[in-house]
Structures are given as C-alpha cells and as structure tokens.
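Chemist: The sequence and its predicted three-dimensional model are supplied below.
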Amino acid sequence: MREHVRANAADRPGIYRMVAEGGEVVYVGKSKRLRTRLLSYFRASYPEEKGARIVREASAIEWEYVPSEFAALLAEMRAIKRFRPRLNVAMKRDARHFAFIKLTAGAAPKLLAVRGPSGDDSALYYGPFHGARRLEESLRELSDVLALRDCRLTQRVVYADQEELFAGPARTPGCIRLEIGRCLGPCAGACTAAAYAERVRLARAFLDGESDGPLETLRAEMDAAADRLEFERAASLRDKLARLEALREQFDRLRFAVESLSFVYRVPGVDGDDRVYLIRRGRVRGECAAPRTRSERRALTSLTRHVFASAEPRGARVPTHEIDELMLLSSWFRAHPGELTHTRAPRIR
Ligand code: SF4
C-alpha cells in the first residue's frame, strides 16, 4: 500500500477509503494534502496508534481528488454516511457533547434529550444544543407544563376515546405524574387522543418558536401561587420558568445561527476548479461549477431560485438526515470565519 501511495498519490485535497480483504470499507478520511496524509499512516510508531490500527485492518487504499478542503469535508461526511465504516464509528471524535431534543413519533409522543439521531426518521429533532443535562432539566419542565408523558417508550397507550375502554373504568397506572396533574395520562384512559395531540402541538409550536404558551402557563401559575401567599411554590415555579426561558433563549440563538448559514458560497479550487455551493439553513442544497459563461450564469440563477425561493419552517427543527451536515457547516465557518468573505446573499429575483 505504501508503494502504491508513493507512486501514485498527489499532494492535493481528496478523500480516501481504507478497504479490507473482501471489500469492506473500514475507514474513510480526508485531507488537504492527500499524499502526505496517506504516507503518515505508515509512520505510526506504536501498534496501538490510530494510523497503525487502520493500516492493519486494510489491504488496499482507494482515493479520489476533490477541488478544495471544503469539498473534501463534504465528500468525507457523505462517504461515512454511505459506507458506515466501523473504524470511523469506533474512533469518532465527533460532537458527542452536543445534545438534541427528540419529539418521538407514535400514539403518544414524548420529549427526550438525545446525543444524536437514532435513525428513527419519523421523530422530529431540534438542535444541536450544548449541555445535555441542562437540556434534560428544561425538557422535564416543558413536559410537566404541557402534561406530556415522560415514561418509557414501550408504555401502553389507552386513550379515553378508545372503544375498549367503554367496557370498564379507566385504569390507574400508579404514576405520580398523573396523580399530581403533571401528565394527561394517556396510559390510563385519562385523556382523549385529541387532547394529547393538542399538547403535542403546543410543544411543537414552542420548539418552533411560534408560541410562548408554556411560559405563559408557568407565569400564571407562579402569580396565582404568590397571590395565595404560597411563596415556596411560587419560588419553585420561578425556577422552572427561568429554566424554560433559558431554553427559549438557546432556541433563539440557534435559530439565528441556522438562519445566518444561508448564502451562496464560492470556493476556489485546485487548477481553477472553483465550485459554488448553495447553502440554506446550514445545509448544502445545491452545488455546481463556478459559472464562466452567460448560460452557466443563467443556470446558476435558476438553481439559486429553486433552492431559496421555496418556503421552509423557520424553527430550530432539523431533519434527521441533515443534522451531520448542519454541524459540519457550522463548525467549518466557525473555524474559518474568513471564508464568509466568499459568500453572498442569494439573488432570487
Ligand atoms: S401518567 Fe402514564 S403516560 Fe403519563 S408519565 Fe405516568 S405512566 Fe407515563
């Protein structure tokens, strides 16, 4: 493999695949200088070093050149998604410190703080956020205010308007949250499917930044407790309110960050292979060679219109399959703020 690299690899941006006997892609990587990077794998001093381990598992190296470091970053992410190489997963240095809000699918959705998408595409994800523990606390408040369930996903759901319930009295699950009014009780026939769905709708409206309903509910409860001279309860509600307000602020900042990652980005490439990326809400929605002729410019204008003219939700909701790309683009522009000078607002008229 070393001789193959020495004889054939050039020092330009690209991605590479380490392939095991039998064709399994065990590792995917990228580099601004492919040749230098690949040769470094053969200089590992200790067998436990990452490079040595990868080379031990591989029997061949394949690579492709791309026009720029940015293109290499995107190509690597897409290749990892496609091949799911086991050594990339094992050595993942990714953003495990980030957390997402997951609104599960199913008969009675619930809110969860998770480290990343689970491949359950029917769930909704919001984020990323810093601080999983703080996020968990805020979600507990939100679930309490809206009386959403927080029990295990396998909990049986029986709504009040389900026919089988007419045969007998509603069952009690022995859950304290139902007893103290912190859950509508979709496990115990204590609410209708429509009532629960309405609370889920309110949660989504809050997460999408369209409603402050949960904050107003807490504020009203706090004022009422203070009027009744229940100062301890009022203080506890004030703390809950502060946690939810902090979550709302985090959302506002996130929405701003996502919205500000919307532009046309021109990236100079090796040997004049410049590319244009149409980035909307932190994801690459279109890409083409930088136009040189009038007809190529017209084609770019039409692609830009297509990408930017359609309506999109403005919240912090991110489709599962786009989370990695959002994280990658935001860290790229954070690490290379000078790149923003190569961006411009889309012209769609
Ligand atoms: S009341 Fe039922 S649905 Fe609600 S949290 Fe408790 S067990 Fe879950």
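Modeler: Arrived safely. Note that the coordinates shown come from a computational prediction; the quantities given were computed from them, not determined experimentally.

Chemist: Spell out, range by range, the helices that occur in the stretch 201-349 of the chain.
Modeler: Taking DSSP state H, counting those that start in this stretch as the test, the helices found in the stretch 201-349 of the chain are 213-227, 231-260, 294-309, 323-335.

Chemist: Counting by contacts, list what the helix or strand of the chain with the lowest mean pLDDT packs against.
Modeler: Of all the helices and strands that make up the chain, the one with the lowest confidence by mean pLDDT, DSSP states H and E is strand 317-318; it has a mean of 70. Here strand 317-318 touches strand 124-130, going by 3 or more C-beta pairs under 8 Å, 6 or more residues apart in numbering; DSSP states H and E. (Each C-beta comes from the backbone N, C-alpha and C, glycine too.)

Chemist: List the buried residues in the strand it packs on.
Modeler: Applying a neighbour-count criterion of 16 or more other C-beta atoms under 10 Å, one finds 124-129 buried in strand 124-130.

Chemist: and if you look at stretch 263-279?
Modeler: When neighbours are counted by 16+ other C-beta under 10 Å, the buried residues of stretch 263-279 are found to be 263-265, 267, 269, 274-279.

Chemist: same check, this time on stretch 65-77
Modeler: Taking 16+ other C-beta under 10 Å as the neighbour-count basis, stretch 65-77 is seen to contain the buried residues 65-77.

Chemist: again with stretch 187-202
Modeler: Of the residues in stretch 187-202, those buried by neighbour count under the rule 16+ other C-beta under 10 Å are 187-191, 196, 199-200, 202.

Chemist: From the residues you listed, list the ones also adjacent to the ligand.
Modeler: Among these, the ones lying close to the ligand by the criterion of C-beta under 6 Å from any ligand atom are 187-188.

Chemist: Which of the buried residues of stretch 187-202 fall within helices?
Modeler: Judged by DSSP state H, the buried residues of stretch 187-202 include 196, 199-200, 202 as members of helices.

Chemist: Going by distance to residue 180, which of those residues wins?
Modeler: Sorting those by how near they are to residue 180, with C-beta to C-beta, puts residue 199 at the top with 16.3 Å.

Chemist: Read off the pLDDT value for the closest residue to the closest one other than its chain neighbours.
Modeler: In this structure, residue 199 finds its nearest non-sequential neighbour in residue 146, 4.6 Å apart by C-beta to C-beta, 6 or more residues apart in numbering. What the model reports for residue 146 is a pLDDT of 89.
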